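*Asks:* take this sequence and fold it.
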Amino acid sequence: MESFPKSTNVAPFAPGEPAAPGHRSSSPRLLILPPQRNSPISDPRDAELARALVLDITMALCRSRLYEVIAPFTARQLVSGLPSNQVIPVDYVVRTEVFPCTGPIPLSQMRVEIFAGVFGDRIWMGEVELRTGELQDLHHLLSTRLADEVCGRIGSEELRRFRRSGAASAYTHYLLATRRESRNDLASLLLAQKSLTRSIQLAPDFVPALSQMARTKTLEWLERGTEDRALLREASSFAHRAHRYEPADSASLREIGHAALYQHDLAAALEHYEAAQSLAPNHADLLADQADVLTHMSRHAEAETLISRALSLNPLAPDDYYWIGGAVSFFMGDYQRALGRLTAMRSPGLALRLMAACAAMSGDVETAASYREQALARDPSFTVSKWGSLYPEPDKADTAHYFSALKLAGFG
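*Replies:* Next comes the predicted model:
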């Protein structure tokens, strides 16, 4: 594999574009864009692996104390350019591109360029060959270069903590399982689990795969809506196993908390989320998850602070952020704001019930009925009492608040 050059037009560290109002970070803010285009003669599998690799590098950097990183869900939507009505302040932009490598052996390369700000000068460029068996090495090389260019000598040591070594083939299976857009329904969750199972078989101590398996098990339980909590116990087991291998890994702590939340152990959920956040204070997904558990504990003002922070770091957020934000607004009695957040979801799914409740509390009977019908078409067996048995209960006033809203929306 070709190594990164020592330096290509490297400028001294300096902020890029002026920050927009509200950007008051003392840490450099990074935007890492996935590959923008693919040559028609490049192997599509190389392009897919490159996108997954860039996602994994982004998530590794999200766990750092040294950076603020725009979340990958937003970054994917910015590949074709910044929306005219959306200002996202960043200090550095990392652009990536996949193209064919000239030579006797057909290979693809990924070009990586670092720019100072959205419209600033290029301060570094490197190219690496995409070889499936060497992705683990490629991850470390690229992450190290980013750390060195942005934060100096301390970057390499900081990043070393985020990943345990794993067999390259196991790492490839993990990359293919962790694409965010593959988690929107039960079928794709099960498909991700197949890749993660293979990864764990090949490298039983590969912490990232263990943590991701825990996440998919909890999400599967939510999709199935069953009172049997065996899947949550499996999730907890995978997460604790990951934590034993790497006690300082924020992802495993997050998944222990996630499973505990739906096993009605709210104190343990919050404890583990707070421990995870102490390791990765600028990880948008962790902030959103912590807001979720605070909502279940009826600490809504604190939850609002965290979900607002998460949306700042992931301004073109995935659906679960808007669902959590909508729940926070609902319990704070701001039903219009709750609906505004919930209707930003691309696939509301299970959140349709909350949307119906918000509309009913706003006095919009027709809209509430429409959302109720969609919710029952998706889950005909839903009843208010069933919800009460499945989900962690906040204080009795919040429970009564939500039950009343569901019944006002027409749920039985």
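
*Asks:* from here on, just use CA atoms for contacts and neighbour counts.
*Replies:* OK.

*Asks:* in the stretch 51-200 of the chain, which spans are strands?
*Replies:* With DSSP state E, counting those that start in this stretch as the criterion, the stretch 51-200 of the chain has strands at 68-69, 92-101, 107-116, 122-130.

*Asks:* which residue is nearest the centroid of this protein?
*Replies:* Asp285 (4.8 Å; C-alpha atoms, centre = their mean).

*Asks:* nearest to Arg229, out of the strands of the stretch 51-200 of the chain?
*Replies:* Evaluated over the strands of the stretch 51-200 of the chain, closeness to Arg229 peaks at strand 68-69, with 34.7 Å, by C-alpha to C-alpha.

*Asks:* sorry, back to before: you'd agree the residue nearest to the centre of the chain is up against Ser308?
*Replies:* No - using C-alpha atoms under 8 Å, Asp285 is not in contact with Ser308; the gap is 11.8 Å.

*Asks:* before we move on, back to that, what residues are up against the residue nearest to the centre of the chain?
*Replies:* Going by C-alpha atoms under 8 Å, 6 or more residues apart in numbering, Asp285 touches Ala310.

*Asks:* need the three-state assignment for it.
*Replies:* helix (DSSP: H, G, I helix; E, B strand; the rest coil).

*Asks:* low-confidence stretches in the protein?
*Replies:* 1-27, 36-43, 63-66, 80-86, 103-106, 131-172, 179-184, 392-394 (pLDDT under 70).

*Asks:* neighbours around Arg224, how many?
*Replies:* Neighbour count for Arg224, taken as other C-alpha atoms under 10 Å: 12.

*Asks:* which ones are touching it?
*Replies:* Arg224 touches Leu186, counting by C-alpha under 8 Å, 6+ apart.

*Asks:* that one and Asp91, how far apart?
*Replies:* 42 Å (C-alpha to C-alpha, to the nearest Å).

*Asks:* so Ala47 is in which element?
*Replies:* Secondary-structure assignment from DSSP states H and E places Ala47 in helix 44-62.

*Asks:* so what does that helix touch, helix or strand wise?
*Replies:* The contact analysis (3 or more C-alpha pairs under 8 Å, 6 or more residues apart in numbering; DSSP states H and E) places helix 44-62 against strand 68-69, helix 72-77, strand 92-101, helix 135-151, helix 168-177.

*Asks:* quick one, that helix and strand 107-116 angle?
*Replies:* 30 degrees (axes from the mean of the first three to the mean of the last three C-alpha atoms, to 10 degrees).

*Asks:* buried stuff in helix 44-62?
*Replies:* 46-47, 49-62 (16 or more other C-alpha atoms under 10 Å).

*Asks:* out of the residues you listed, who's nearest Phe73?
*Replies:* Leu55 (9.1 Å).

*Asks:* ok, the closest one touching Pro72?
*Replies:* Yes - using C-alpha under 8 Å, Leu55 is in contact with Pro72, at 6.3 Å.

*Asks:* find residues that contact each of those two.
*Replies:* Joint contacts of Leu55 and Pro72 (C-alpha under 8 Å, 6+ apart) do not exist.

*Asks:* just the C-alphas of the helix or strand encompassing Ser370, formatted as PDB.
*Replies:* Using DSSP H and E, Ser370 sits in helix 365-378. Extracted C-alpha coordinates of helix 365-378, given in PDB (Å, rounded to 0.1, in the frame of the first residue of the first chain):
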ATOM      1  CA  VAL A 365     -58.200  16.400  15.300                       C
ATOM      2  CA  GLU A 366     -58.000  15.500  11.600                       C
ATOM      3  CA  THR A 367     -54.200  15.400  11.600                       C
ATOM      4  CA  ALA A 368     -54.200  13.400  14.800                       C
ATOM      5  CA  ALA A 369     -56.500  10.900  13.200                       C
ATOM      6  CA  SER A 370     -54.300  10.600  10.100                       C
ATOM      7  CA  TYR A 371     -51.200   9.900  12.200                       C
ATOM      8  CA  ARG A 372     -53.100   7.400  14.300                       C
ATOM      9  CA  GLU A 373     -54.300   5.500  11.200                       C
ATOM     10  CA  GLN A 374     -50.700   5.300   9.900                       C
ATOM     11  CA  ALA A 375     -49.400   4.200  13.300                       C
ATOM     12  CA  LEU A 376     -52.000   1.400  13.600                       C
ATOM     13  CA  ALA A 377     -51.400   0.300  10.000                       C
ATOM     14  CA  ARG A 378     -47.800  -0.200  10.900                       C
END
